[in-house]
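# predicted model follows, preceded by the sequence.
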Amino acid sequence: MGQKLTIEEFNQIVKNFTLPNVIVRNEYLYDVYSNVFDGLEEISSSKQVGYSFDVNSQEIIFYLLGEYIYSTSGLKEEQLEKFISNDSFKESMSNVIADKIISLGVYLHDERKLTNKYLPPISSMELYVNLMLNVVNNYPLKDRTNAILVDLLNKTLSIARCILKLLCDGYETEAFAMWRTLHECECVLILLDKYKEKVIPTYIKHMQYGLVFKSGESEDENHQKIFNQLKAEMKAIDLKSKDMKKFIEYGWLLAIPEHEKVENFKLNFRDGVETLAGLHQYSQIYMTSSEILHGTPLLIYSNKTYFHLLTIVNLYESFFRIENVFQSLFFANISDDAKRRYLDMKKLYFSQLISIHKRELNRLQNLNKKSK
């Protein structure tokens, strides 16, 4: 059983925390802590949850400070005194903290996990992504063209990291749905990196169109000027008002000369962005991910192992392409020291990533064969 802290020990711990925009009342905080500790100790001793458990003072303090900051942030001293003098608030806070500790600790629902952060398919990828993010976030921005590429690459790598965390937590279908967003980002990234100044200004212009469209009608002169420009561009290519959202999202593709050579080209993702990026072979997988995203029966009755492997394989394939863009974009402008560290890491780990992809792909293919 955990030992209850004295008020001196409690104050020393709280002193180590920076509590933003709140007036700290240590005696009040200690009273709530004591109420929670005593209540949990009684529940544990009586085995009301089925068994006894250790009462963790540190966990109580974390929840307590969270509740206190959220409840009192921004209150002036007079308002805070009213809050503190209300015994029902104190009792409510104590009960809420105890409930959260029991529900999110003793009774925490945990998904069945097929991997963890220490296994190479996760840890090797996360190590690589982490170093790339450090390079991206320290990249010297010189112009708007670079800025959009850096921001998009940053977001793409962050999504890859998010997918790894979802897999570790046992959320395979959710991770696969997130891969859909990653795939959309990588396709845009490939096109913007390939055509750079030929396409990026148009892409940025369509981002501006999107902001104007979302804000609706406005009497602002500049707003109206942009809206009129949008409508004029649509009229020039014979698009109607019903096509506005489609044109805003994908009209920038018309700045790519090769779009005229694409059979059945359309202003959408699969027949536009994905095809021009040279990744139309992923359209079926993308469609499967879309079904998961939109709550079809495939989401409800999904095979955890299948979607785990499907996500890992496609995440790795996306990552290899993203890494190519990373090198082409950054190596000309990063320091020799950063370049050396990255190349040293690549020498050690890239071949491992290729081997991991091959192994996971074989597992996926074997699983598919068994299911037929």
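Received, thanks.

# helices and strands around the helix or strand harbouring Y342, which ones?
Under the criterion of DSSP states H and E, Y342 resides in helix 336-371. Contacts of helix 336-371 with other secondary structure elements, assessed using 3 or more C-beta pairs under 8 Å, 6 or more residues apart in numbering; DSSP states H and E, are made with helix 120-137, helix 304-330. (C-beta placed from N, C-alpha, C; glycine too.)

# quick one, it and helix 304-330 angle?
In terms of direction (axes from the mean of the first three to the mean of the last three C-alpha atoms, to 10 degrees), helix 336-371 departs from helix 304-330 by 150 degrees.

# next one: helix 336-371 to chain centre, how far?
22 Å (C-alpha atoms, centre = their mean, to the nearest Å).

# over to stretch 77-97?
Relative to its chain's centre, stretch 77-97 lies at 35 Å (C-alpha atoms, centre = their mean).

# what ranges in the stretch 101-250 of the chain fall below the confidence cut-off?
Segments of the stretch 101-250 of the chain classed as low confidence (criterion: pLDDT under 70) are 141-145, 217-219.

# for the stretch 101-250 of the chain, which segments count as helices?
Listed in chain order, the helices of the stretch 101-250 of the chain (DSSP state H, counting those that start in this stretch) span residues 120-137, 144-168, 172-195, 200-215, 221-236, 244-250.

# so which of those helices comes closest to N268?
Distances from N268 to each of those were compared using C-beta to C-beta; the shortest belongs to helix 244-250, at 6.1 Å.

# for the helix or strand just after the closest one, packing partners?
On the C-terminal side of helix 244-250, the nearest following helix or strand under DSSP H and E is helix 274-276. Judged by 3+ C-beta pairs under 8 Å, 6+ apart, helix 274-276 is in contact with helix 172-195.

# circling back to that earlier point, quick check: buried residues in the helix holding Y342?
Within helix 336-371, the residues scored as buried using 16 or more other C-beta atoms under 10 Å are A338, K339, Y342, Y349, L353, I356, H357, E360, L361, L364.

# domain-wise, how is this protein divided?
Segmentation of the chain into domains, based on automatic domain parsing, reads 7-106, 120-199+256-371.

# about what we covered before: from the buried residues of helix 336-371, which has minimum pLDDT?
Confidence by pLDDT is poorest for A338 among the buried residues of helix 336-371, given 79.

# wait, what's in contact with that residue?
Taking C-beta atoms under 8 Å, 6 or more residues apart in numbering as the contact definition, A338 lies against V135, N138.
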